[in-house]
Structure formats: structure tokens, C-alpha cells
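Enquirer: could you work out the structure for the sequence below:
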Amino acid sequence: RLVDYRRVTSGDTNFQEEWQLIRSAATEDMVMEEFELRADNTLDFSITTTSLTNAVNFLLTLKNSEALSNFSVLEINYHKTSDRYYFETRVKLT
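Expert: I've put the predicted structure just below:
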């Protein structure tokens with residue numbers, strides 16, 4: 001599962017609630033590789049998963065969730081290793 005904050009410096013309680021929603025959209029095989037909330041409210045995170053379908057569903061959930069309507073997906077990059085998909089995602093908190 002996605003792990004809790006690693007390098008989050010924000011004490012914004014609203015963001016903490018949104019992070020719980022992000023985590024709830026994840027599936028068991030997803031692992032959070034990096035996670036950073038920047039001063040400009042840009043959130044960068046990377047996930048790995050063995051299932052392309054799970055990853056796409058996760059990212060669509062983020063994009064389409066009314067509860068996460070203040071996220072604007074700026075960029076998604078991915079590549080595949082021999083057994084995992086690696087997604088680098090940048091969203092803007094509006």
C-alpha cells in the first residue's frame with residue numbers, strides 16, 4: 001500500500017484528509033516511491049505497481065474524484081521495467 005508521508009512539510013489538515021483519499025484509491029500492490037509537497041502547492045509522487053490496469057484506475061480516480069476536485073493533474077510519466085510499472089505524477093493543489 002501507499003505509505004504515509006515521507007517528506008511532506010505542510011501542516012495543512014485539509015491536505016492530510018486528501019492524502020487519506022489518495023491512499024484509499026490505491027491497491028495492495030502499489031508502493032509509494034517518492035512523495036513531496038512543494039511550497040507552490042505542487043505535489044509530486046511516484047508509484048510502482050505490477051498492474052497497469054490498477055495504476056490507470058488509480059490515476060483516473062484521482063482525476064475524476066469529486067472529493068479531490070482541487071487537484072489538477074499537470075503531468076504523468078511512466079515507464080515499465082521487467083516486472084513493474086513506474087509512474088511519476090505531478091498534481092497542483094488549487
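Enquirer: check which helix or strand Ser69 maps to.
Expert: When elements are assigned from DSSP states H and E, Ser69 belongs to no helix and no strand.
Enquirer: enumerate every residue touching Leu52.
Expert: Residues in contact with Leu52 (C-beta atoms under 8 Å, 6 or more residues apart in numbering) are Tyr85. Placement of C-beta: from N, CA and C, glycine included.
Enquirer: look up phi and psi at it.
Expert: Leu52 has phi and psi values of phi -60, psi -40 when expressed as degrees, to the nearest 10.
Enquirer: quick one, helices of the protein?
Expert: For the chain, the helices defined by DSSP state H occupy 13-25, 52-64.
Enquirer: closest to Tyr85 out of those?
Expert: Ranking the helices of the chain by distance to Tyr85, with C-beta to C-beta as the measure, places helix 52-64 first at 5.4 Å.
Enquirer: now the closest one, how far from the chain's geometric center?
Expert: 10 Å (C-alpha atoms, centre = their mean, to the nearest Å).
Enquirer: and that helix, what's buried?
Expert: Within helix 52-64, the residues scored as buried using 16 or more other C-beta atoms under 10 Å are 54-55, 58-59, 61-62.
Enquirer: list the contacts for Thr94?
Expert: Neighbours of Thr94 in contact, by C-beta under 8 Å, 6+ apart: 41, 70-72.
Enquirer: CSV for the buried residues of helix 52-64, including pLDDT and distance to Arg23?
Expert: CSV is the format used below for the buried residues of helix 52-64 (pLDDT from 0 to 100; distance: C-beta to C-beta, whole Å):
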residue, pLDDT, distance to Arg23
Asn54, 83, 14
Ala55, 81, 15
Phe58, 81, 10
Leu59, 78, 14
Thr61, 79, 11
Leu62, 74, 11
